[in-house]
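> whatever this is, show me its structure:
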Amino acid sequence: MNFRSLEEFWPFYMNHHSKAGTRRWHFAGTLCSILWFVYSVVFNWWCMIFVPLFGYGLAWYSHFFVEGNVPTTFGHPVWSLICNFKMFGLMVTGQMDREIKRLGKRPVLQAY
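Below is the predicted model of the structure:
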C-alpha cells in the first residue's frame, strides 16, 4: 500500500496496534529508547547501539506475540516511526482512548 500522507497512514498504523498490550509494549520500548538515548549522549556514546535494540525489540515482540501481525516498520519504516512517537505522545497525555474511539475502534481488553 502506498500512503500519501501521515493522515492516510495513521488509521492503518492504529489497525496494527488494536490491542492495549501491543501499545503498552510500544510505550515501554519508546520510553527505554529515549532514556538510553539521553544516557548515551550524556555519558557514553557507545551505548547508542541499545537505542534501536530496545525500541524495536520490544515493539516487534508485541507484534509477533501479542497482536499476532507483522510490524508496519517492515513496509513503511519512516511513517511507522513517526506514528510510534505520535502514539507515545497520545499515551503520555492520556488521549489514546479518545483517539481509538475517534477512529471507530473499540479497545481490545486483555486479561493481565
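
> what's near enough to touch the closest residue to Phe85 other than its chain neighbours?
Distance criterion CB to CB, 6 or more residues apart in numbering; nearest residue to Phe85, sequence neighbours excluded, is Thr30 at 7.0 Å. C-beta coordinates here come from the backbone N, C-alpha and C atoms, glycine included. When contacts are counted by CB atoms under 8 Å, 6 or more residues apart in numbering, Thr30 touches Gly55, Ala59, Asn84, Phe85, Phe88.

> among the residues you listed, who's most crowded?
The most crowded member of these, judged by other CB atoms under 10 Å, is Ala59 (24 neighbours).

> element containing it, please.
Assigned by DSSP states H and E, Ala59 belongs to helix 50-62.

> show me what secondary structure element comes after that helix.
That would be, after helix 50-62 and using DSSP H and E, helix 77-92.

> any idea of the pLDDT on the residue of the chain most remote from its centre?
Here the chain reaches farthest from its C-alpha mean at Phe43, the gap being 26.4 Å by CA atoms, centre = their mean. pLDDT, Phe43: 96.

> same question, Leu81
95.

> skip the chain neighbours and tell me the closest residue to it.
Thr73 (7.4 Å).

> separation between that neighbour and Ala20?
Distance, Thr73 to Ala20, by CB to CB, to the nearest Å: 20 Å.
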